[in-house]
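1. here is my input; please provide its structure:
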Amino acid sequence: MKKVIWMSFLVLALSLPSIGMAASVGNIADTQGGLGKFSLGVEYDSVFNRDLKFKSGTMSFTAGSVTESKPYPSTGDSIKDMKLKANRLFLKGTLGLHPNIDLFLKLGMADAKWKNKYVSPGSPDEKNEFDGGNDFAYGGGIKAKIFESSGGLRVMADGQYLRYEVDGDYKVDGKDLAQVLRESLIDKGFTTVTASYNSKTKIQEWQVALYVNQTFGSFSPYVGVKYSDIMVKNETNFSGLADGVTFSGKLDGKAKADKNFGVVAGADVYLIPKRLSVSIEGRFIDETAGTIGVTYRF
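-> Numbering: from 1, shown residues only. Got it, this is the predicted structure:
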């Protein structure tokens, strides 16, 4: 019976896609302008689409006292068409360390959704989805003014780190993972089956950007290029009973962004000169994303 349970799990094609998003560059684009100067802002960031690439994973299953582990996906299989959407809301505090250098911190909430296809030759593709709820997110970084011309054109650099973890629902072809486990074992001849699971995704991101910025009255546009790298680790644990036999399992995997280089463009609009500004930003090529924000400089 334990061998049958193990083989039932083995034929389940459950993907472990991972997620990651690049962070905003502006809000505001310029530095604070001096030691001890600071600003507070709020920004809403939405990732409409980002393509991901699955790197590696493992599967482990225990039925009774027997445990086996295997690479994931199985040899000959693959995970394709990984895409994500996400929303994040941050409170951003920025402190001037030097007229040309700022340190900033972001604290807030984030969610994430992804989908992909598990492809196994000779079998129909499976659609896998993760719907993560809101959870705590944090990040920080440094902004530097590299050069400013006599005409006010600024060359800026921005480097930052972002991290968060979300729990979520896992579905295979529209069915909850617990239902898929139960149905798979019942199809193998078991009569009484219970199953439950939890799935979480940890996201870490590093990003650097180089851009130019200039202020024309109350309008301060910027445009540049960026490089971001993402390491995402997903872990899904499940357990239950099949005709009195205890079973459990874990699937874990990691992924990175499919594309690393992108472009960024945006603008700050000052409602109160040098004090209150609203910002809008778009990011393209490596992702399709946008940010809106409000900042007050003290």
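
2. biggest strand in this structure by residues?
-> strand 38-63 (DSSP state E).

3. any idea which helix or strand comes after that strand?
-> strand 66-72 (DSSP states H and E).

4. which parts of that following strand are buried?
-> Counting neighbours by 16 or more other CB atoms under 10 Å, one finds that the buried residues in strand 66-72 are Tyr72. C-beta here means a position set from N, CA and C on the backbone, and glycine is covered the same way.

5. endpoints of stretch 273-292, how far apart?
-> 19 Å (CA to CA, to the nearest Å).

6. can you give me the buried ones in that stretch?
-> The neighbour-count check on stretch 273-292 (16+ other CB under 10 Å) flags 277, 279, 281, 283, 286-292 as buried.

7. looking at these, which are in strands?
-> Residues of the buried residues of stretch 273-292 located in strands (DSSP E): 277, 279, 281, 283, 288-292.

8. quick one, helices of the protein?
-> 2-10, 177-187 (DSSP state H).

9. using PDB, list the CA coordinates for the longest one.
-> Yep, that's helix 177-187 we're talking about. Taking Å, rounded to 0.1, in the frame of the first residue of the first chain, the C-alpha atoms of helix 177-187 are listed here in PDB:
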ATOM      1  CA  LEU A 177      -3.900  21.100  -4.500                       C
ATOM      2  CA  ALA A 178      -5.700  19.300  -1.600                       C
ATOM      3  CA  GLN A 179      -8.400  18.200  -4.000                       C
ATOM      4  CA  VAL A 180      -5.900  17.000  -6.500                       C
ATOM      5  CA  LEU A 181      -4.100  14.900  -3.900                       C
ATOM      6  CA  ARG A 182      -7.400  13.300  -2.800                       C
ATOM      7  CA  GLU A 183      -8.600  12.600  -6.300                       C
ATOM      8  CA  SER A 184      -5.300  11.100  -7.300                       C
ATOM      9  CA  LEU A 185      -5.200   8.600  -4.500                       C
ATOM     10  CA  ILE A 186      -8.900   7.700  -4.900                       C
ATOM     11  CA  ASP A 187      -8.200   7.000  -8.600                       C
END
